[in-house]
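*Asks:* I'll drop the sequence and a predicted model, then ask my questions.
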Amino acid sequence: MLMVLVLSLCGVVLLLALAGLFAFGLRRRLLQRSGGTFDCNLRWDAPVPSEAYDDEGAGGAGGASTAASAAGGTAGEEPSRAAGAQGVRRGPGSGKGWAYGIARYNGDQIEWFRVFSYAPRPRRFLMRNRIEVLERRDPEGEEELALLSDAVILACSLEGTRVELAMSEDALTGFLAWLEAAPPGQRVNVA
């Protein structure tokens, strides 16, 4: 009798696990059915590279830059935030803060969905006229392990928030073309 109970519990757990995997696959399929989707990792409120503050350190704002550098961060960041909650450095080359996702073009915005979520709604909306491209770079340090192998990182500013998007070279070409194809009158900055 006990053996039947254990086997039935194992069967229920296995069915629930399979149902969860099926739901992930079904959700991704539903997101992709309208087209215009691509794999896109996102880091919201990304750290600013320390090279941007090297020139200021020699000038008049040297005190703030030096204090932030001593705390392991960059100027303008709180030392606790720059160091992370457990004292781990969260710089531009660290693999911290990246979230795997799927992005979908929808008119003048990009809808970004987390991969490991059952939510039917996008987690973030990126409006075309508010995106300002800052730089393009290859993954560095721990990012090479945290991101897909062929990823290219595009650093953007979205209403004052630094956002980094990691995508394949093909997806990057499509994304930049989408930005440049803005209707007349919209301010679009593609570096």
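*Replies:* That came through, no problem.
*Asks:* all contacts plus neighbour counts: C-alpha atoms, from now on.
*Replies:* Fine.
*Asks:* flag the shaky bits of the protein, pLDDT-wise.
*Replies:* Applying pLDDT under 70 to the chain picks out residues 50-95, 186-191.
*Asks:* could you pull out the helices in it for me?
*Replies:* Here the chain has its helices, by DSSP state H, at 2-32, 54-58, 62-70, 79-83, 143-146, 169-180.
*Asks:* among those helices, which comes closest to residue 121?
*Replies:* helix 2-32 (9.8 Å; C-alpha to C-alpha).
*Asks:* if we can go back for a sec, make TSV from the helices of the chain and add distance to residue 111 and mean neighbour count to it.
*Replies:* Below are the helices of the chain laid out as TSV (distance: least, C-alpha to C-alpha, whole Å; neighbours: other C-alpha atoms under 10 Å):
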stretch	distance to residue 111	mean neighbour count
helix 2-32	10	12
helix 54-58	36	14
helix 62-70	35	17
helix 79-83	27	18
helix 143-146	22	16
helix 169-180	13	15
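*Asks:* neighbours around residue 102, how many?
*Replies:* 22 (other C-alpha atoms under 10 Å).
*Asks:* how about residue 111?
*Replies:* Residues contacting residue 111 under the criterion other C-alpha under 10 Å number 19.
*Asks:* can you pull the contacts of it?
*Replies:* 103, 104, 105, 122, 123, 124, 125, 126 (C-alpha atoms under 8 Å, 6 or more residues apart in numbering).
*Asks:* return the member of the residues you listed nearest to residue 139.
*Replies:* Nearest member of the contacts of residue 111 to residue 139, counting by C-alpha to C-alpha, is residue 103, at 19.5 Å.
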